[in-house]
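Chemist: Predicted model, plus sequence, below.
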Amino acid sequence: MNVHEYQAKGLLKSFHIPVPFGVCIEENTSSAIATALRAFKGRPKVVVKAQIHAGGRGKGHFKESGTSGVRLVETEHAAEVVADMFGKTLVTNQTGAEGRVVHKVYVTETVAVAREFYLSLLIDRDRQCPVLMASDSGGCDVETVAQTHPEKVLTFPVDPLLGLQPFQARRVAYLFQLIGEAFNECIELLLNLYRAFVASDACLIEINPLVLTQEGHLSALDCKMQLDDNARFRHENFVSFEDPNETDPTEAEAKSVGIHNYVALDGDIACLANGAGLGMATLDLLDTLGGKAANFLDIGDTASAEQIEAGFRILLKHPKTRGVFVNIFGGTLPCDRVVQGLISVTETVALRVPCVMRLMGNRKDEGLALLQRSGLPVFVTEDLTQAAETIVRETKAAL
Ligand code: GDP
Ligand code: MN
């Protein structure tokens, strides 16, 4: 899951990583804004930052006003600038053309920047370990730097058993050409960052930019953080990081009915399978055949009739759904329970799109009989490739 910049910085701070002082404003009332801004009394300027789960805010623009999502303003005008961001749509190179509506605004102290660096820790799935990336050209788009000047990005794996080593941290401090106190601060910051990464079960912590202030100290001016949802059970604070405004509404609905393996995707074929591996294979097969899945949904092997119904309801209601593909390898989960789930849902939600079921295994014949009796226009086969080809073809034909 993604967290907001202000939450990420709160986490960094708890690991003794220096961040600029800031206050997050969560409601657009003049009293809430005034209370927050009181903390900046005596400072001539502040930075006002829109909080959305996407980067590129500084270079982005609001649809309504054309102004940027990160603004350095005089404190006396800050209240207007804050109020003006609430409820507005920010478009950045990471949001897509539709942009994101701003529901929270973070105000921070200004920092006199001498130099900007890039720093990140992430899980590298190919190397199967954390990787540290650093560059002395911070502030800008690191993907571009990596492409145009790969020599400017230092990348090295971190042994998960040994952790980040001081000599590795020193390599980064040398790359940043830091001297004196800042050099030592950098080593300490990196070791703390690695501790934060492991202790928080993060998949990504990206500090862009990390800055050297004109006073000669380091400060994390921005932070993007992704936490591993699978580690939710051992982090009570993960719940507090959730922001319903940033969650896909369908994913939220799935969670609320106890379905934890629903992931929204960009395509138009709604999918339901029993088992994560089968679900992934289903998505791959659709992709190979030129279809695009609207979601990943693993109903699991112990799903109750209610959960199956809830799953189908979510699939059928989704505005993007142009076809429904069910792939069940009946084991612990009997095929007819899945069929019954679909039949029950169609009593209240019409099945207006093509539907293909690949049924195999436990209680397949009972499932087939149920379907026939229901009269639902569902194409059933045991053959997975045939099933996938059919739903891809019918979904395209129905367009
Ligand atoms: P992003 O565009 O979403 O990555 O948002 P950032 O938080 O990184 O802000 C964009 C840019 O604004 C940064 O790269 C900095 O160059 C600049 N910026 C943000 N805060 C300050 C500040 O306090 N002082 C100065 N000089 N620049 C800042
Ligand atoms: Mn940034």
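Modeler: Right, received. Where do you want to start? Ligands and ions are numbered 1, 2, ... in the order given.

Chemist: Any part of stretch 6-18 near ligand 1?
Modeler: No. Using CB under 6 Å from any ligand atom, we find that stretch 6-18 stays clear of ligand 1, coming within 10.0 Å at best. All C-beta spots, glycine's among them, are computed from the backbone N, C-alpha and C.

Chemist: in stretch 138-155, what's buried?
Modeler: In terms of neighbour count (16 or more other CB atoms under 10 Å), stretch 138-155 has its buried residues at 138-139, 141-142, 145, 153-154.

Chemist: wait, stretch 49-59
Modeler: Applying a neighbour-count criterion of 16+ other CB under 10 Å, one finds 49-55, 57-58 buried in stretch 49-59.

Chemist: swap in stretch 384-399?
Modeler: 384, 387-395.

Chemist: Show me which pair in the buried residues of stretch 49-59 is furthest apart.
Modeler: Pairwise distances across these peak at 15.7 Å for H53 and G58 (criterion: CB to CB).

Chemist: Nearest to R171 among the buried residues of stretch 384-399?
Modeler: Among the buried residues of stretch 384-399, and counting by CB to CB, the member closest to R171 is A388, at 48.9 Å.

Chemist: Relative to G331, how far out is that closest one?
Modeler: Separation of A388 from G331 (CB to CB, to the nearest Å) stands at 20 Å.

Chemist: per-domain residue ranges of the protein.
Modeler: 21-109, 113-234, 248-397 (automatic domain parsing).

Chemist: Regarding the first one, how distant is the last residue from the first?
Modeler: Spelled out, that is domain 21-109. Taking CA to CA, to the nearest Å, domain 21-109 runs 6 Å from one end to the other.

Chemist: That one close to ligand 2?
Modeler: No. Judged by CB under 5 Å from the ion, domain 21-109 and ligand 2 are separated, with a smallest distance of 5.6 Å.

Chemist: for the record, mean pLDDT for that domain?
Modeler: Averaging pLDDT along domain 21-109 yields 97.

Chemist: State the pLDDT value of A305.
Modeler: For A305, the model assigns a pLDDT of 88.

Chemist: correct me, but it touches G341?
Modeler: Yes. Using CB atoms under 8 Å, A305 makes contact with G341 at a distance of 6.0 Å.

Chemist: between the two, which one's more packed in?
Modeler: Using other CB atoms under 10 Å as the criterion, A305 and G341 rank with G341 on top: 24 against 12.

Chemist: what's the helix or strand bottoming out on mean pLDDT in the chain packed up against?
Modeler: Within the chain, confidence by mean pLDDT, DSSP states H and E is lowest for helix 142-148 among all helices and strands, at a mean of 81. Applying 3 or more CB pairs under 8 Å, 6 or more residues apart in numbering; DSSP states H and E, one finds that helix 142-148 contacts strand 113-124, strand 129-135, strand 153-157.

Chemist: And the strands in the stretch 1-150 of the chain?
Modeler: Counting by DSSP state E, counting those that start in this stretch, one finds strands in the stretch 1-150 of the chain at the ranges 2-3, 22-25, 45-51, 61-62, 70-74, 89-91, 100-101, 104-109, 113-124, 129-135.

Chemist: Now distance to L297 too, for those strands, in a markdown table please.
Modeler: As requested, these are arranged in a markdown table below (distance: least, CB to CB, whole Å):
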| stretch | distance to L297 |
| --- | --- |
| strand 2-3 | 21 |
| strand 22-25 | 34 |
| strand 45-51 | 30 |
| strand 61-62 | 35 |
| strand 70-74 | 37 |
| strand 89-91 | 29 |
| strand 100-101 | 25 |
| strand 104-109 | 30 |
| strand 113-124 | 25 |
| strand 129-135 | 30 |
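
Chemist: you'd agree G58 is up against L72?
Modeler: No. Contact criterion CB under 8 Å: G58 and L72 do not qualify, at 9.9 Å.

Chemist: Hmm, L212 and F176 touching each other?
Modeler: Yes. Under the criterion of CB under 8 Å, F176 lies in contact with L212, with a separation of 7.5 Å.

Chemist: Could you name every residue contacting both of these two?
Modeler: Contact criterion CB atoms under 8 Å, 6 or more residues apart in numbering; residues shared by F176 and L212: 115, 117.

Chemist: got the residues of this protein near ligand 1?
Modeler: 47, 49, 55-58, 70, 110-111, 113, 139, 208-209, 221-222.

Chemist: For ligand 2, what's its nearest residue on the chain.
Modeler: Taking CB to the ion, ligand 2 has its nearest neighbour within the chain at D222, 3.5 Å off.

Chemist: Show the contacting residues for that residue.
Modeler: D222 neighbours (CB under 8 Å, 6+ apart): 5, 55, 207-209.

Chemist: Also E306?
Modeler: By CB under 8 Å, 6+ apart, the contact set of E306 is V257.

Chemist: What lies in contact with stretch 50-57?
Modeler: In contact with stretch 50-57 (CB under 8 Å, 6+ apart) are residues 2-6, 24, 49, 68-70, 85, 90, 92-95, 100-106, 141, 208, 222, 224, 243, 246.

Chemist: Same check on stretch 228-235?
Modeler: Contacts for stretch 228-235 (CB under 8 Å, 6+ apart): 1, 200-203, 227, 238.

Chemist: residues in contact with T92?
Modeler: Neighbour list for T92: 54-57, 59-60, 69, 99 [criterion: CB under 8 Å, 6+ apart].

Chemist: try F183
Modeler: Residues in contact with F183, defined by CB under 8 Å, 6+ apart, are A173.

Chemist: and if you look at T332?
Modeler: 301-302, 362.

Chemist: Let's see that with 7 Å instead.
Modeler: Residues near T332 by CB atoms under 7 Å, 6 or more residues apart in numbering: 301-302.

Chemist: pretty sure H61 contacts T89?
Modeler: No. In this structure, H61 is not within contact of T89 by CB atoms under 7 Å, at 9.8 Å.

Chemist: got a list of contacts for the strand or helix carrying I391?
Modeler: Following DSSP states H and E, one finds I391 within helix 384-397. Residues from elsewhere that reach helix 384-397, judged by CB under 7 Å, 6+ apart: 268-269, 285-286, 289-291, 322-323, 325, 327, 354, 356, 358, 379, 381.
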